[in-house]
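Participant: With the input below, show me the fold.
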Amino acid sequence: MVSEGGAVLAAPLRIAQVAFLARLAILFVLAGVWALRGDGLAASGVVLAAALSYLAVSSARFRGLLTRHPIVILVDALVVAVVVGVVGAATPFSLALGTSALVVGLWLPFVPGLMVLALLLATHLVLLTGETLDDDGVSAFVLVMPAVLLTLWMLGLAIQRSGRAEARAQASLRDAMAAAATAQERNRIAREMHDTVAKSLQAMALTASSIPRHLERDPGAARARAGELEQDCREVITQVRSLMSELREPAPSVPFSESVAQVVDEWRSTTGRRVTTRLEPVEVTDGLVRYELLMALREALHNVHRHAGRCATKVALTVDEERLVLTVADDGSGADPETVGLAPERGHFGVAGMRERLQQAGGHMELTSSPGRGTTVAFSVHRRGLVEKSQERGET
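Facilitator: Below is the predicted model of the structure:
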């Protein structure tokens, strides 16, 4: 059997080991019987075959040789045939030929395997010519035994072909999964471009369109708008760089809680704001959920810096029953929930973008805010991937 990968070789190799182990048990029993009878020649032949079976079961090097060169099975068949000739074809030892036939079917292609099987059958029948058989012996050794060998060989051949078919199916599945992953990645990139860069550019366009009006009526407001536009440009550059970094680098292997801490540390060093963290060692293995949560966290922290004023910020990562909860809370200026709801109409899509991210991750976002009492944003994802309805709640 030509190697087609470890998964394909594993099943035939295990079955072959079981066959050799069964033969080993039979041979030890027969060796004991012949030793008690005082037939040293027969016992020594059985011990030789038993040693070969033990080698096949216990030696990783022998199994590796069998995997690389299936023709080694021919050596096993020849040894068993020789021992049968020494011990006698009309003895229970001839059952050892059955394990050889099974292993030949497992490891050799059809034509070489058929040739080895024919050799085994011919050897068995030729050896029987030197035996004196009654009617029961003829039925057992001339008729039944060849049928058993043929059946075991066909069984091994069927298992071999099934393994090959499974290998082809697994290869097709891997190709399909790779294609699906590629398509999913393209969709993610398109969504990311839409949710971050495109919306930021739209907000910049709205800001830029208002500057000419302010230049005539309120130069101070125009300068403020220009400052906002500059800040928005820097944010877009950061978003594009972050997206390009995601495309170039593999998924991080650090725990999710450490990734959250890294995002918070970057924000603290960039803004100089006070922030405390309480992060439970919670792991997120799904790449999409992990990515969307971290991007939503960045947006929430950005909103704190832009809208909350002077305040203290807390970031918490906890597990609430079956949900993972990532919370960003500040004691800043807060906002009227109705004002937050109208933000997209003024070109601000941060809250809407966070909500959409959590929907993509199969969770929901809850926003609690009121003027003068700060804002709390909680991102919740069910640990079993249940899709929740996004919602906002405002305190009055």
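
Participant: quick one: average pLDDT of the helix or strand hosting residue 315?
Facilitator: Residue 315 belongs to strand 313-320 when assigned by DSSP states H and E. Strand 313-320 shows a mean pLDDT of 89.

Participant: And stretch 258-275, by the same measure?
Facilitator: So the average pLDDT for stretch 258-275 ends up being 89.

Participant: Just to check, residue 292 is in contact with residue 357?
Facilitator: Yes. Applying C-beta atoms under 8 Å, one finds residue 292 in contact with residue 357, separated by 4.3 Å. Where C-beta positions appear, they are placed from N, C-alpha and C, glycine not excepted.

Participant: ok so, going back, packing partners for the next helix or strand along the chain from the strand holding residue 315?
Facilitator: As assigned by DSSP H and E, the chain's next helix or strand after strand 313-320 is strand 323-330. Counting contacts by 3 or more C-beta pairs under 8 Å, 6 or more residues apart in numbering; DSSP states H and E, strand 323-330 packs against helix 287-307, strand 313-320, strand 375-382.

Participant: Alpha carbons only: can I get the strand holding residue 315 in CSV?
Facilitator: Only the C-alpha atoms of strand 313-320 are listed here, as CSV (Å, rounded to 0.1, in the frame of the first residue of the first chain):
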residue,chain,number,x,y,z
THR,A,313,-11.6,54.3,33.0
LYS,A,314,-12.1,50.6,34.0
VAL,A,315,-11.8,47.6,31.7
ALA,A,316,-13.0,44.2,32.9
LEU,A,317,-13.0,40.7,31.4
THR,A,318,-15.3,38.3,33.2
VAL,A,319,-17.3,35.2,32.8
ASP,A,320,-21.0,35.5,33.7
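
Participant: Which positions in that strand come out as buried?
Facilitator: Using 16 or more other C-beta atoms under 10 Å as the test for burial, strand 313-320 gives 313-317.

Participant: Tell me how the chain divides into domains.
Facilitator: Using automatic domain parsing, the domain parsing of the chain gives 6-175, 253-396.

Participant: mean pLDDT for those: which is lowest?
Facilitator: domain 6-175 (a mean of 73).

Participant: can I assume residue 100 is in contact with residue 77?
Facilitator: Yes. Contact criterion C-beta under 8 Å: residue 100 and residue 77 qualify, at 4.6 Å.

Participant: list the residues that contact both of the two?
Facilitator: residue 120 (C-beta atoms under 8 Å, 6 or more residues apart in numbering).

Participant: the more surrounded of these two?
Facilitator: Using other C-beta atoms under 10 Å as the criterion, residue 100 and residue 77 rank with residue 100 on top: 28 against 21.

Participant: Apart from its chain neighbours, what residue comes closest to residue 369?
Facilitator: residue 375 (4.0 Å; C-beta to C-beta, 6 or more residues apart in numbering).

Participant: Thank you, goodbye.
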